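Visitor: Quick one, what's the 3D model for this:
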Amino acid sequence: MKRKPIVEYGYGFVTDEYLQRGQDEYAFRNKQTVAWNATWRPLSEAERKQLESQGNTCPNWNDVLVEDPIDISLIRSSAFYGLVRIGSLEPYTVSYHDFSLPEGIRDSHIISCDIGRHSCIHRCSYLSHYIVGEQCILSEIDEMDTTNHAKFGNGVLKQGEDESVRIWLNIMNEAESRSVLPFESMICADAWLWGTYREHGKMLDRLVKLTEQEIDLHRGWYGEVGSGSVIKSCRVIKDVHFGACVYVKGANKLKNLTIRSHEDCSTQIGEGVELVNGIIGYGCHVFYGVKAVRFIMGNNSNLKYGARLLNSVLGDNSTISCCEVLNTLVFPFHEQHHNNSFLIASLVQGQSNMAAGANIGSNHNTRGNDGEMQARRGFWPALSSSIKFNSKFASFTLITKGDYPNELNIPVPFSMVGYHENTGQITIMPAYWWMYNRYALERNGWKFKNRDKRTFVTQHIEADYMAPDTMEEILSAMDLLSLWVGRAAVGASLVAPGLGANEEALREQGRMLLETHPEQVGTLEVVASGIDRSTTPSVVLKVAEGYRAYREMLIFGSVRSLLAYLDGKGQKFPDFQEDAKVWLATGPLHFESVIGPFRNMGGQLVSEPQIKRLIQLIEEGQVDSWQAIHDQYASWWEEYPRVKATVALQTLQKLLRTAQLDVVHWEYLIDRFLILCDQNALEVYRSRKKDFEDPFRKMVYRNEEEMDAVLGKPEDNSFVKQSRSDMEKLKELARRFSPWS
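Guide: The predicted model follows:
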C-alpha cells in the first residue's frame, strides 16, 4: 500500500524513465484524439463555482478542459483528477434500443480521461485513463482503467517489461511446443503457419519481430471506447480497447483485450462473462457466463452459455456453446453446442460439428501431455465418441458413436468410420456422404456461403466440398482402395499370387477389378492396415460402390468447377485447356500453385510449395510485416479461381488417363455431368425423404396430416427446391459449353 498527496492523484501516468526527450505523459493520448479536431478551453470562474454547487469536486480545476458548446448543468456529483477533457454536452438524451440516458457526467469518479461529444457517463465508480468516443453510454461500472503498459491482448512487451509477462497462445498441443503470439489482426492462416512449420526456426524468430511491429511498444497509450458504444452494468474492465458501436452489458471481468467492432458489424458482450488476454473479432457475440483466457475469436463468431475457451484460436463464422475447448486451433465454420463435449490439443480445419458427448482430447498415449489430433475440414464426431491421441482424419470424416481405444489414421475422405467392440475392428465406408447423405453434403456448401455475414474479410474460405484438397484426397483414396482390393484378390486367388510382391501391380489389378468387375469385388473381404494402432485389420465396406462414388464425385466436382470458370471468363473449354498449358509453362510460380499437396490455411487452400516460398521470403526479410503476409494470401486468393479450374482439368486428365482431353473426352464428361446433376437433385430429395418414411419418426403423429403440418413435406423443403433449381442451372450451363468449339 502507498500514500501520496491528493494533488498528485491522476498525474504521472508514465514515469520519466519511459518518456522520450521533449515528451510529456500525454504524448500518445494526444495522438489518439487528434482526429477529434477539438478546441479545448479552461473553465470560467463561474463555471467552476457552478460545478462545485452541483456536487462536483476537483483538486485542480485548471486541468479540467471543455469544448463548446457545453451545458455545465449536465455535470453533477462527480470527482475529477488529473487532466480531464470534456467534449460538447447539450440537453439531449442518447439512446440504445430502449435504454436512454441524458448527456453528461453524473455520480462518477474520473481520472485523466477524454470524454467525447454528447456522451453519457453515469455512476462510473472508477474511470481512469480512457478516451471515450462520441455518443457513448457508460453506466453502472465499478472499475474501468488502463495501465501505462497496456497491450490490449497483443503478445508484445512494453518498455522495461520482462519476457516472463509475454502472453503466448499454446495452440494445437498442450506441451507449449506450437505456441504463437496473438496480435489484433491475426487470422487462422497466421496461427496455422506459425504453429505448423516449427522446423523453420528463422521464420519463427522473424514472426516474433513482425508481431512486435504491430503495436507501439512505448508506455502511455490510453484505452479507448469507440464512438457509439454502450457499456453498462459491468464490474471490472482493465486494459481493454473497445471498437466503435460495441455493446457490453453485465460483464464480470474484461482484462487485456481488443474488442473489434464497427457500425456495420457490432460486437456484443453479455452477462456474466469473464474474458482475459484475448482478441475478439468484428461482429462477435459473447454471452451468458462465458470464460475465455488467452484466446482469439475470428469475425462473426459466437461464444455463449458458459462456454470455456482457453489457449485457443476460433475461426470466423463459428459458434461454441456450453462446452470446453482448450489448446486448439479451429478453422472457420465450426459448431459445438453441447455442455458435455470436449475438444483439446487439436487442429480442426473447419466446416465441422462436435456432437454431444464427443470427447476429443486428454486421452494421450505418451508419458507427457503432448498428444494431438488433426482433422481436415468437414470433421463430424458423433454422439459420445471418444478419440485417442494421436489421430488424424481426412476431409469430411464422420465418426460413429464409440469409444475408440486406439489411435486412428483415416486417409479416406467423405467416409463413415465405426468401431465394433465385439470384434475390436474398425470399419470404413468410403464416400458415405455421396452415397447416403447427399442432402447434408450439398446443403453444407450452400449453408456456409449463406451464413458468411462478415463485413471485413481477411481470412479467405473455400466452402465447396469438391476443391483441390478433396480432389487430391479422393485420387489418393482411389489408389488405396485399388491396392486393398488387389491384396484381397490375391488372398482369394482371383489373381496370380506372384503379384503380391509388387505393390504397383497389385494396385493396377485392384483398379481393373473395381472398374470392370465390381460384382467380383463385392465377394471379397477387403481389409486395410495402418488405419488404427492395432494388429486387428480394419474392414472396408462397400468398396466397389465407394470407388464408383469417388469417380462420380471427381467428374461432377471437376466439371462444375470448369464450367463456373469458363462462364466467368467467357471462354470455350479447348481454349482454356491450351491457355492452362501455356500458363503453367510460363514460370515456376504458376506450376507450384497447382502441384500440391494442398494445405488448408485457415480455410484458404494453398499448394505447399507456395507456402514454402512464402516462408523463405519471410526468413530473408523480403516479406517484412503481417500486412505483407496477408497481402500474399490475398494475391493467392485472386489467382485461386484459375488454380481451382486448372486442378479440376488435371484431375479429369488423371481420371481418364490422358495428357490432353479431346472432343470425345469432353462430350463424355458433359453427358456424365448432365446425368449426375439429375442424380444429385434426386439424391438430395431422397436423403431428405428418408427422414419422413421412418416409422419410428412417424409414430409420434396421429396421422399424416399432422406430420405434414409439423414437418412439412420433403418435396416442399426449401433446400430440396434450391438444389433442384441449382442443378437445372448447371445443366443449362453444361449445354452451353458442350460444343467443343
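Visitor: correct me, but residue 139 touches residue 124?
Guide: Yes. Using Cβ atoms under 8 Å, residue 139 is in contact with residue 124, at 7.5 Å. Where C-beta positions appear, they are placed from N, C-alpha and C, glycine not excepted.
Visitor: And the pLDDT for residue 604?
Guide: For residue 604, the pLDDT comes out at 98.
Visitor: oh, I was asking about residue 287
Guide: Reading off the confidence values, residue 287 has pLDDT 95.
Visitor: which stretches of the stretch 251-400 of the chain have low pLDDT?
Guide: 362-368 (pLDDT under 70).
Visitor: Stretch 533-542: end-to-end distance?
Guide: With Cα to Cα, to the nearest Å as the measure, the first residue of stretch 533-542 is 23 Å from its last.
Visitor: Any buried residues in that stretch, and which?
Guide: Judged by neighbour count using 16 or more other Cβ atoms under 10 Å, the buried positions of stretch 533-542 are 537-540, 542.
Visitor: Identify all contacting residues around it.
Guide: Stretch 533-542 is touched from outside by 365, 406-407, 423-430, 435, 481, 484, 525-529, 531-532, 546, with contacts defined as Cβ atoms under 8 Å, 6 or more residues apart in numbering.
Visitor: Keep only those of the buried residues of stretch 533-542 that are in strands.
Guide: Under the assignment DSSP state E, the buried residues of stretch 533-542 contribute 538-540 to strands.
Visitor: list the buried ones in the longest strand that the chain contains?
Guide: In the chain, taking DSSP E as the definition, the longest strand is strand 230-242. Across strand 230-242, burial judged by 16+ other Cβ under 10 Å covers 230-232, 234-242.
Visitor: right, and the helix or strand after it?
Guide: Later in the chain than strand 230-242, the nearest helix or strand by DSSP states H and E is strand 247-249.
Visitor: So between residue 139 and residue 124, which is more surrounded?
Guide: Neighbours per residue (other Cβ atoms under 10 Å) separate residue 139 from residue 124, with residue 124 holding more: 28 against 20.
Visitor: Need the nearest residue in space to the more buried one, chain neighbours excluded.
Guide: Nearest non-adjacent residue to residue 124, counting by Cβ to Cβ, 6 or more residues apart in numbering: residue 108, 4.2 Å away.
Visitor: Please report phi then psi for the one you found.
Guide: Here is the backbone geometry of residue 108 (degrees, to the nearest 10): phi -130, psi 160.
Visitor: where does it sit relative to residue 127, distance-wise?
Guide: Relative to residue 127, residue 108 is positioned 6 Å away (Cβ to Cβ, to the nearest Å).
Visitor: overlap in contacts of these two?
Guide: Here residue 108 and residue 127 have residue 121 as joint contacts, going by Cβ under 8 Å, 6+ apart.
Visitor: and the strand or helix carrying residue 110, which strands flank it?
Guide: Using DSSP H and E, residue 110 maps to strand 109-111. Paired neighbours of strand 109-111 in the sheet (DSSP bridges): strand 79-81 (parallel), strand 127-128 (parallel).
Visitor: So which bits of the first one are buried?
Guide: Neighbour-count burial for strand 79-81, counted by 16+ other Cβ under 10 Å, picks out 80-81.
Visitor: Past that strand, which element shows up next along the chain?
Guide: That would be, after strand 79-81 and using DSSP H and E, strand 84-86.
Visitor: One more: the shortest one?
Guide: Once strand 127-128 ends, the next helix or strand along the chain (criterion: DSSP H and E) is strand 130-132.
Visitor: Can you pull out the residues in contact with that next one?
Guide: Strand 130-132 is contacted by residues 29, 32-33, 113-116, 119, 121, 138, 144-146, 222-225 when judged by Cβ under 8 Å, 6+ apart.
Visitor: List the buried residues for that strand?
Guide: By 16+ other Cβ under 10 Å, the buried positions in strand 130-132 come out as 130-132.
Visitor: among the contacts of stretch 533-542, which ones are buried?
Guide: Here, 16+ other Cβ under 10 Å leaves 406-407, 425-430, 435, 481, 484, 526-528, 531-532, 546 buried among these.
Visitor: So the closest residue to residue 17 other than its chain neighbours: helix, strand or coil?
Guide: Once flanking residues are discounted, residue 17 sits nearest to residue 160: 7.5 Å by Cβ to Cβ, 6+ apart. Secondary structure, DSSP: H, G, I helix; E, B strand; the rest coil: residue 160 is coil.
Visitor: Need the pLDDT of residue 160.
Guide: Reported pLDDT for residue 160: 93.
Visitor: wait, doesn't it sit right on residue 15?
Guide: No. Counting by Cβ under 8 Å, residue 160 sits too far from residue 15 to count as a contact (9.5 Å).
Visitor: Now do the nearest residue to residue 272 once chain neighbours are set aside against residue 298, distance only.
Guide: Excluding the flanking residues, the one nearest residue 272 by Cβ to Cβ, 6+ apart is residue 289, at 4.2 Å. Distance, residue 289 to residue 298, using Cβ to Cβ: 21 Å.
Visitor: More neighbours: the two, which one.
Guide: residue 298 (29 against 17).
Visitor: tell me the contacts of the more buried one?
Guide: Residue 298 makes contact with 187-188, 281, 313-318, 332, 459, according to Cβ under 8 Å, 6+ apart.
Visitor: Phi first, then psi, for the nearest residue to it once chain neighbours are set aside.
Guide: Of all residues not flanking residue 298 in the chain, residue 316 sits nearest, at 3.7 Å (Cβ to Cβ, 6+ apart). Phi and psi for residue 316, reported as degrees, to the nearest 10, are phi -60, psi 150.
Visitor: Show the contacting residues for residue 316.
Guide: 187-188, 281, 298-301, 332-333, 452, 454, 459, 461, 603.
Visitor: And these, which is closest to residue 509?
Guide: residue 603 (39.5 Å; Cβ to Cβ).
Visitor: circling back to that earlier point, what would the buried residues of strand 230-242 look like in CSV with pLDDT and distance to residue 347?
Guide: CSV is the format used below for the buried residues of strand 230-242 (pLDDT from 0 to 100; distance: Cβ to Cβ, whole Å):
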residue, pLDDT, distance to residue 347
230, 98, 37
231, 98, 35
232, 97, 39
234, 98, 35
235, 97, 35
236, 98, 34
237, 98, 33
238, 98, 32
239, 98, 30
240, 98, 29
241, 98, 29
242, 98, 31
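Visitor: so residue 221 touches residue 150, yeah?
Guide: Yes. Residue 221 is within contact range of residue 150, at 6.3 Å (criterion: Cβ under 8 Å).
Visitor: what about the two, which has more around it?
Guide: Using other Cβ under 10 Å, the more surrounded residue of residue 221 and residue 150 is residue 221, with 27 against 23.
Visitor: The more buried one: what's its closest spatial neighbour, skipping adjacent residues?
Guide: residue 28 (4.8 Å).
Visitor: sorry, back to before: out of the contacts of strand 130-132, which sit inside helices?
Guide: By the criterion of DSSP state H, membership of those in helices covers 29, 32.
Visitor: ok now do residue 229, which residues does it touch?
Guide: Neighbouring residues of residue 229 by Cβ under 8 Å, 6+ apart: 133, 136-137, 242-248, 261.
Visitor: Could you export those residues as a markdown table, including distance to residue 516?
Guide: Output for the contacts of residue 229, formatted as a markdown table (distance: Cβ to Cβ, whole Å):
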| residue | distance to residue 516 |
| --- | --- |
| 133 | 72 |
| 136 | 73 |
| 137 | 74 |
| 242 | 66 |
| 243 | 62 |
| 244 | 65 |
| 245 | 64 |
| 246 | 64 |
| 247 | 64 |
| 248 | 66 |
| 261 | 61 |
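Visitor: Top of the residues you listed by number of neighbours, please.
Guide: In those, the most neighbours by other Cβ under 10 Å go to residue 242, 30 neighbours.
Visitor: Return the subset of the contacts of stretch 533-542 lying in helices.
Guide: Mapping the contacts of stretch 533-542 onto helices (DSSP H) picks out 435, 481, 484, 546.
Visitor: Quick one: residues contacting residue 427.
Guide: Residue 427 makes contact with 417-420, 538-541 under the criterion Cβ under 8 Å, 6+ apart.
Visitor: err, residue 692, not the other one
Guide: So residue 692 contacts 698, 707, 711, 713-714 (Cβ under 8 Å, 6+ apart).
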